[in-house]
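Fold the following and give me the result.
(2 chains)
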Protein chains: 2
Amino acid sequence: MGLNRRAAAVGALQARIGYVFKDGALLERALTHASAAAGKRGVQDNERLEFLGDRVLGMVVAEALYGRDAAANEGDLSKRLHALVDKATCAQVGKTIGLADAVRLPSGDQQARGNDTIVADACEALIAALYLELGWEGCRAIVLRLWADALARQFIGFVANAKSELQEWAASLQRPLPRYRVISRDGPDHAPIFRVEVQVDGFEPISAQGRSRQEAEKLAAQALLQRERPND
Amino acid sequence: MGLNRRAAAVGALQARIGYVFKDGALLERALTHASAAAGKRGVQDNERLEFLGDRVLGMVVAEALYGRDAAANEGDLSKRLHALVDKATCAQVGKTIGLADAVRLPSGDQQARGNDTIVADACEALIAALYLELGWEGCRAIVLRLWADALARQFIGFVANAKSELQEWAASLQRPLPRYRVISRDGPDHAPIFRVEVQVDGFEPISAQGRSRQEAEKLAAQALLQRERPND
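The predicted model follows:
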């Protein structure tokens, strides 16, 4: 891949994550596979960043799971966490944002481009670079946006009828209809993240986030049902 | 353990971590072992918090390692990380801050008090509770303080020059020489444990323990550098 083509890919990557790095050298390091740095003086590869990024990602996803499903026990949460941070998911997210084209490889070894492990490692390194440049809150917001689909998929099986189920449950307790309200909307216009709170009279409200208001409402309804009827 | 004695232990715990929780129920949840919550309506145990705290701790320690030793490769960093977040280290830190006495157990099962796994799990849950109440920066500062000894021990090989490094750093800030003082000496004569505090004008003192006064001084110097220059 020529230099110009790679530069374009790095630009496209930043557009897709919705953030342009101030420290271009840091981004470049996150994108540099070990094979491209080997034997080159002054060129650092992304392995140390990958080490840090793995833990940043783990914490972002752990917090998202912790906040989303109040009924899940530690074992359920761990199982979901592992599925959400494994190499396959990191590679999938990495390809969505164009990492396969942006990774820096030795010029003679372009056939490794698109290799899942290489893309997954670069994805973790990129997360570390975002953390180092933006701090925790800024990094978390971007990672949650990139992982929104994967997180939603973990919960898709549960939520189809959550809102009507919650309504029936409230009625069975002689309560008025559940009330939903949007408490925040983050992310860029093409990939918004909504946080919605649901309230049923007499119960503590609970909130959840989703890629649409509708999805966040379903997930909040599900979370409230799971908290109040854990054995259902 | 009577209620009053446990309340005193919970107070002592907060004094040792240097933070008093605003949300007492959150702290209580972090301290509640599953056996004390089982079958009790409305009593939540600390397992979900432990899930989150494990990842918060992993990220705090990963960042500290990443910043500390620019020469270590990913494998070295991972090995150190695992040693620093394992149950033994969590139990050791937990005991230092008085968690063994503060944990909530069923009144009929007090012999489990001091059990390493129970203390380690409560330590991780406490870290999650700190994160939920203080956010990332505040939580990280406390965890780095609690883990200062353990982190310094991981770098025993690297601390050879910590005292001269600290001296140079203090000089670069136009401060007088760092001052060291032994604050305790425990253990039998053939295996003493020294705790030494180091102070640099304008910075909070920090202490560390070692098997000799010299070692404790190095570790304290290292700990202060690590706290004040975390990304070096």
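
Residue A:124 reaches residue A:58, doesn't it?
No. Using CB atoms under 8 Å, residue A:124 is not in contact with residue A:58; the gap is 9.9 Å. Every C-beta, even on glycine, is put in place using the N, C-alpha and C of the backbone.

who's more crowded, these two?
Using other CB atoms under 10 Å in any protein chain shown, the more surrounded residue of residue A:124 and residue A:58 is residue A:124, with 26 against 21.

Briefly note if stretch A:137-154 comes near chain B.
Yes. Judged by CB under 8 Å from any CB of the partner chain, stretch A:137-154 comes into contact with chain B at residue A:137.

and chain A, which residues reach chain B?
With CB under 8 Å from any CB as the criterion, chain A meets chain B at residues A:47-48, A:50-52, A:54-56, A:58-59, A:62-63, A:66, A:72-74, A:77-78, A:81, A:128, A:135-137.

domains of chain A?
Using automatic domain parsing, the domain parsing of chain A gives A:3-154, A:160-228.

show me where chain A has strands.
Counting by DSSP state E, one finds strands in chain A at the ranges A:179-186, A:193-199, A:206-210.

looking at those, which is buried most?
Counting by mean count of other CB atoms under 10 Å in any protein chain shown, strand A:206-210 has the highest mean neighbour count of the strands of chain A, with a mean of 24.

Just name whatever secondary elements that one is in contact with.
When contacts are defined as 3 or more CB pairs under 8 Å, 6 or more residues apart in numbering or on different chains; DSSP states H and E, strand A:206-210 sits against helix A:47-68, strand A:193-199, helix A:213-228.

try 10 Å
Under the contact definition 3 or more CB pairs under 10 Å, 6 or more residues apart in numbering or on different chains; DSSP states H and E, strand A:206-210 sits against helix A:47-68, helix A:148-159, strand A:179-186, strand A:193-199, helix A:213-228.

partners of the fourth one in the sheet?
Looking at strand A:193-199 with DSSP bridges, its paired strands and their directions are strand A:179-186 (antiparallel), strand A:206-210 (antiparallel).

Tell me which of those approaches residue B:7 most closely.
Nearest of the strands paired with strand A:193-199 to residue B:7, taken as CB to CB: strand A:206-210 at 30.2 Å.

got the angle for the closest one vs helix A:213-228?
140 degrees (axes from the mean of the first three to the mean of the last three CA atoms, to 10 degrees).

Mean confidence (pLDDT) on strand A:206-210, please.
On average, the pLDDT along strand A:206-210 is 85.

before we move on, back to that, going by mean pLDDT, which of the domains of chain A comes out lowest?
Taking the mean pLDDT of the domains of chain A, domain A:160-228 comes last: a mean of 87.

Just checking the distance from it to the centre of its chain.
For domain A:160-228, the separation from the chain centroid amounts to 20 Å (computed by CA atoms, centre = their mean, to the nearest Å).

Report the separation between the residue most central in space within chain A and residue B:16.
Note on chain A: the residue nearest the mean C-alpha position is residue A:147, at 2.1 Å, using CA atoms, centre = their mean. Using CB to CB, to the nearest Å, we find residue A:147 at a distance of 36 Å from residue B:16.

still on that earlier bit, overlap in contacts, residue A:124 and residue A:58.
When CB atoms under 10 Å, 6 or more residues apart in numbering or on different chains defines a contact, the residues bordering residue A:124 and residue A:58 alike are residue A:85.

State the number of residues packed around residue A:111.
Applying other CB under 10 Å, I find that residue A:111 has 8 neighbouring residues.

do you know how far it is from residue A:34?
Going from residue A:111 to residue A:34 by CB to CB gives 16 Å.

Likewise for residue A:213?
According to CB to CB, residue A:213 and residue A:34 sit 44 Å apart.

For the residue nearest to residue A:224 when sequence neighbours are not counted, list each beta-bridge partner.
The shortest distance from residue A:224 to any non-neighbouring residue, by CB to CB, 6 or more residues apart in numbering or on different chains, is to residue A:206 (4.8 Å). In this structure, residue A:206 bridges to residue A:198 when assessed by DSSP bridges.

wait, isn't residue A:206 in contact with residue A:195?
No. Checked against CB atoms under 10 Å, the pair residue A:206 and residue A:195 is beyond contact range at 11.0 Å.

Common neighbours of these two, please.
The contact sets of residue A:206 and residue A:195 overlap at A:67, A:219, A:220 (CB under 10 Å, 6+ apart).

Drop anything exposed from those residues.
Burial by neighbour count, judged by 16 or more other CB atoms under 10 Å in any protein chain shown, picks out A:67, A:219, A:220 from those.

give the contact list for the first one.
By CB under 10 Å, 6+ apart, the contact set of residue A:67 is A:195, A:206, A:207, A:208, A:209, A:223, B:52, B:132.

One more: the last one?
Contacts here follow CB under 10 Å, 6+ apart; on that basis residue A:220 touches A:68, A:159, A:162-163, A:166, A:178, A:180-181, A:183, A:194-199, A:205-210.

gap between it and residue A:193?
Plainly put, residue A:220 is 13 Å away from residue A:193 if you go by CB to CB.

list residues touching both of those two?
Residues touching both residue A:220 and residue A:193 (CB under 10 Å, 6+ apart) are A:209, A:210.

most residues in a single helix of chain A, which one?
Ranked by residue count, the top helix of chain A under DSSP state H comes out as helix A:116-146.

list the buried ones in that helix?
Buried residues in helix A:116-146, defined by neighbour count with 16+ other CB under 10 Å: A:118-132, A:134, A:136, A:139-146.

Taking strand A:193-199 as reference, get the angle to that helix.
With the same axes, to 10 degrees as the basis, helix A:116-146 and strand A:193-199 are set at 50 degrees to each other.

got the phi/psi numbers for the residue nearest to residue A:34 when sequence neighbours are not counted?
Computed as CB to CB, 6+ apart, the closest residue to residue A:34 that is not its neighbour in sequence is residue A:45, at 4.3 Å. Phi and psi for residue A:45, reported as degrees, to the nearest 10, are phi -90, psi -180.
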